[in-house]
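> Build me a model:
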Amino acid sequence: MTHAYFCPENPSESATGVIPSEIKLASGFKPWNSDSLAISRANLRRLVNNGTLALEAARWCGEKDRKDGWFFSSQLDEPTDYRASPYFYRFDISGLTQKAWTVLGDIGAPEMHLYLDSDDLDTATKIAVIWMASPMQLLVMSPVGVNRIDLRIGKNPDAWLPLEDYNGN
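Purely as a prediction, here's the structure:
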C-alpha cells in the first residue's frame with residue numbers, strides 16, 4: 001500500500017473539510033478526537049482496552065462524518081465516483097503494514113486489523129485499522145500532515161498536485 005484516497009461523502013459534516021485551504025489551515029487530515037500522535041496512540045489503547053474498537057468502527061462505517069469520530073475514513077482503491085466534491089485527495093500510507101494485536105499486549109480486537117508503520121505503537125507515526133466487515137476502508141486514527149497529501153481537482157485531470165503547493169481556495 002502506498003496511497004489511500006479521501007473524498008468526504010457529506011462535505012458539510014466532514015471534520016477535515018473539503019476545500020484545500022481548509023485542509024491546509026487544519027495542517028492536514030485528522031480524526032475529530034485526535035490532533036496528535038500521542039492522543040491517537042492513547043485513543044487506540046483506550047478503545048482496545050475497553051473492548052469498543054470494533055463497535056466504534058462499525059458505528060463510524062455506518063454514519064461517517066460524525067463530529068465525534070475516532071477515525072477518518074479513506075479508501076484503499078482509487079474510487080471512480082468522486083461524489084459531490086470537486087476536490088479529491090490521496091495521501092501517503094507507505095510503511096503501513098498489518099500488525100498482530102500483541103503489540104498492544106494481551107488484549108486485541110478480533111473483528112479488526114491493526115496497521116502501523118512500526119513494530120511498536122509508541123514509535124508508530126501512522127496508525128490505522130480496518131474493520132473486517134469493510135475491508136477496503138482504511139480507518140485512519142493518526143493525523144496526516146499536508147506534506148503527505150496530494151490533490152486532484154475535477155473528475156479526471158492528468159496529475160496529482162502536492163497539497164502544500166496548491167495556492168487556490
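> could you point out where this structure is predicted with low confidence?
1, 8-17, 64-67, 79-85, 155-158, 169 (pLDDT under 70).
> for it, longest helix please?
helix 37-49 (DSSP state H).
> Can you tell me the closest non-neighbouring residue to the spatially most central residue of the chain?
In the chain, the residue lying closest to the centroid (Cα atoms, centre = their mean) is V140, at 2.8 Å. Excluding the flanking residues, the one nearest V140 by Cβ to Cβ, 6 or more residues apart in numbering is A128, at 4.7 Å. The way it works is simple: take the backbone N, C-alpha and C, and place the C-beta from them, glycine included.
> OK, contacts around the one you found?
F71, I93, L96, Y115, L116, L138, L139, V140, M141, S142 (Cβ atoms under 8 Å, 6 or more residues apart in numbering).
> Now the buried members of the residues you listed.
F71, I93, L96, Y115, L116, L138, L139, V140, M141, S142 (16 or more other Cβ atoms under 10 Å).
> Using TSV, lay out those together with secondary structure and distance to P162.
Compiled in TSV, those are given as follows (DSSP: H, G, I helix; E, B strand; the rest coil; distance: Cβ to Cβ, whole Å):
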residue	secondary structure	distance to P162
F71	coil	24
I93	coil	16
L96	coil	20
Y115	strand	24
L116	strand	25
L138	strand	21
L139	strand	24
V140	strand	19
M141	coil	24
S142	coil	20
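> so D77 sits in a helix?
No: assigned with DSSP: H, G, I helix; E, B strand; the rest coil, D77 falls outside any helix and is coil.
> That one reaches A4, doesn't it?
No: assessed by Cβ atoms under 8 Å, D77 is found out of contact with A4, at 9.4 Å.
> Just want to know which of those two has more residues nearby.
A4 (24 against 9; other Cβ atoms under 10 Å).
> Check the secondary structure at the residue of the chain most remote from its centre for me.
Ranked by distance from the centre of the chain (Cα atoms, centre = their mean), the top residue is D106, with 25.5 Å. Three-state secondary structure (criterion: three-state DSSP) places D106 in coil.
> rewinding a little: could the contacts of A128 go into TSV alongside distance to E164?
Converted to TSV, those look like this (distance: Cβ to Cβ, whole Å):
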residue	distance to E164
F71	24
I93	17
L96	21
Y115	24
L116	25
L138	22
L139	25
V140	19
M141	23
S142	18
